[in-house]
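Peer 1: Requesting a structural model of the entry that follows:
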Amino acid sequence: MRILQFLSWEYPPRIVGGLARHVYWLSRELARRGVEVLVVTLDYPGAPRFEYVDGVKIIRVRSYVLPSPDFISWVHQFNIWMIKDASDELHDISIIHAHDWLSALSAITLKHTLRKPLVATIHSTEYGRRGGIFNEFQKHIHEVEWRLTYEAWRIIVCSEYMRGEVMNLFNLPSDKIDVIPNGINPIDLSKPIDNVRRRYAEDWEKIVLFVGRLVHAKGIHIFVEAGIDLLDRRRDVKFIVVGDGVLKEEMMRRVYERGVSHKFFFTGFISDNDLNDLYRICDVAVFPSIYEPFGIVALEAMSAAKPVVVSDVGGLSSLVIDGFNGVKVPPNNPYALSRAIEKIISNPTFAEYLGKNGFNHVYQNYTWDKIADKTLKTYSQVLEAYKRSSWFKA
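Peer 2: Predicted coordinates:
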């Protein structure tokens, strides 16, 4: 029986971004196929240190043991505890699977200690997130990312765009990289959602939805400017912003200064159930990212049969076929975004066409059973190569 170790700094209930959900659902789908899965992650208030759920064993290590002067010192410290606290569970392990740079040091150490193959999923890069490497802090993270890709037997990325990015940044051969998209659990459209819409908008208002961290890379500032521009032409629109981040107060101040704060609803972080309700009641979902390795929120909206507008960047470019299952706009262009939103909310037939095609696209390509099958193929390829190597111990 294969034992796989997922090293991930976030895992429910610790949810920072999409990585937590990715590891959560992939681990369960692999366990459903008879794979013995061990997840090593960080502690969280109220969550048990050890847990066995749906065939997945979870170990939550102590994230704060000694005072840390900065973020990187804290990361290196919890990597030590990942190794220590999981040491009793590492017998008969077949593959070590690490996610992003935050668990790289523990993964690399375990690789050499156990002489087992390492697979690494690179969800994003420091260079891509920052638009370059500008200081020693970012340089350190970039170098750790490089080391992880160097040490890994194979690399998994979520899109062809990310394949190109990691190849160029880390000087990797193309045949070391597997493109396996993120998956989603399609939204249950049979659940009643009576009166949810009226919590956010009047019956005569169209709802335009943004979901994501409120940071520059996700284009929240572009969304707000597009909304202000659209409101200059028509008033039957309400903009809902789901998420939190460093730009939240600035964006709220911006719409207040323009006299349209009553047209913007900033929800902050909300539960998955509440988010699914918003996907279902919105008229269009908008994702104007400047940097986006994949774009799982766009798939979530599609699974609710809603039209999407996305920036023509990164992974979003490969998810959306312009005019078929969504609309693409040039990045960093709020006026093009405003016009695209208006085109969709003014044409219900076109909106329904986009939503239907997006819904079918998700079910055909992005459910977790399909993602798990592709991941198992990568594992099998790695194990076959490993058994032919000098590392293998019969």
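Peer 1: Burial check on the spatially closest residue to residue 225 that is not a sequence neighbour, number of neighbours?
Peer 2: Leaving aside its sequence neighbours, residue 225 sits nearest to residue 334 (C-beta to C-beta, 6 or more residues apart in numbering; 3.7 Å). For the C-beta atoms, the positions are set from N, CA and C on the backbone; glycine is no exception. Here the number of neighbours of residue 334 (other C-beta atoms under 10 Å) works out to 20.
Peer 1: wait, residue 334 sits on residue 232?
Peer 2: No. With contact defined as C-beta atoms under 8 Å, residue 334 and residue 232 do not form a contacting pair (11.8 Å).
Peer 1: residue contacts, the most centrally placed residue in the chain?
Peer 2: In the chain, the C-alpha nearest the mean C-alpha coordinate belongs to residue 18, at 2.9 Å (C-alpha atoms, centre = their mean). Contacts for residue 18 were tallied using C-beta atoms under 8 Å, 6 or more residues apart in numbering; they are 123, 182, 294, 296.
Peer 1: Just the buried ones out of these, please.
Peer 2: Buried by 16 or more other C-beta atoms under 10 Å: 123, 182, 294, 296, out of those.
Peer 1: Contacts only, for the third one.
Peer 2: Taking C-beta under 8 Å, 6+ apart as the criterion, residue 294 is in contact with 18, 123, 158, 159, 162, 181, 182, 314, 315, 316, 319.
Peer 1: show me where the stretch 1-150 of the chain has helices.
Peer 2: Listed in chain order, the helices of the stretch 1-150 of the chain (DSSP state H, counting those that start in this stretch) span 18-32, 71-86, 104-114, 126-130, 136-151.
Peer 1: And the contacts of stretch 335-355?
Peer 2: Residues contacting stretch 335-355 (C-beta under 8 Å, 6+ apart): 206, 208, 222-223, 226-227, 229-230, 233-234, 237, 283-284, 286, 288, 302, 304-309, 323-327, 329-330.
Peer 1: Show me which of the residues you listed are buried.
Peer 2: 206, 208, 222-223, 226-227, 229-230, 237, 283-284, 286, 288, 302, 304-309, 325-327, 329.
Peer 1: What is the neighbour count of residue 301?
Peer 2: Residue 301 is flanked by 31 other residues according to other C-beta under 10 Å.
Peer 1: list the contacts for it?
Peer 2: For residue 301, the contact set (C-beta under 8 Å, 6+ apart) comprises 209, 211, 279, 282, 285, 287, 308, 358.
Peer 1: same question, residue 291
Peer 2: Neighbour list for residue 291: 124, 128, 129, 131, 217, 313, 314 [criterion: C-beta under 8 Å, 6+ apart].
Peer 1: Put the buried members of those residues into a PyMOL selection.
Peer 2: Those of these that count as buried under 16+ other C-beta under 10 Å are selected in PyMOL with:
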select buried, resi 124+128+217+313+314
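Peer 1: Which ones among the contacts of residue 291 lie within strands?
Peer 2: When the contacts of residue 291 are checked against strands (DSSP state E), there are no matches.
Peer 1: Make sure residue 226 is indeed in a helix.
Peer 2: Yes. Assignment of residue 226 by DSSP: H, G, I helix; E, B strand; the rest coil places it within a helix.
Peer 1: ok now whichever helix in the chain runs longest, how far from the chain's centre?
Peer 2: Longest helix in the chain, counting residues (DSSP state H): helix 368-387. Computed by C-alpha atoms, centre = their mean, to the nearest Å, the chain-centroid distance of helix 368-387 equals 21 Å.
Peer 1: CA atoms only for it - export them in CSV, please.
Peer 2: Output of helix 368-387 as CSV, limited to C-alpha atoms (Å, rounded to 0.1, in the frame of the first residue of the first chain):
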residue,chain,number,x,y,z
TRP,A,368,-11.3,15.9,-8.6
ASP,A,369,-11.6,12.4,-9.9
LYS,A,370,-9.9,13.4,-13.1
ILE,A,371,-7.3,15.4,-11.2
ALA,A,372,-6.5,12.4,-8.9
ASP,A,373,-6.2,10.1,-11.9
LYS,A,374,-3.6,12.4,-13.5
THR,A,375,-1.7,12.7,-10.1
LEU,A,376,-1.6,9.0,-9.7
LYS,A,377,-0.1,8.7,-13.2
THR,A,378,2.7,11.1,-12.1
TYR,A,379,3.3,9.1,-8.9
SER,A,380,3.5,5.8,-10.9
GLN,A,381,6.0,7.3,-13.3
VAL,A,382,8.2,8.5,-10.5
LEU,A,383,8.1,5.2,-8.7
GLU,A,384,9.0,3.3,-11.8
ALA,A,385,12.0,5.5,-12.4
TYR,A,386,12.9,5.4,-8.7
LYS,A,387,13.0,1.6,-8.7
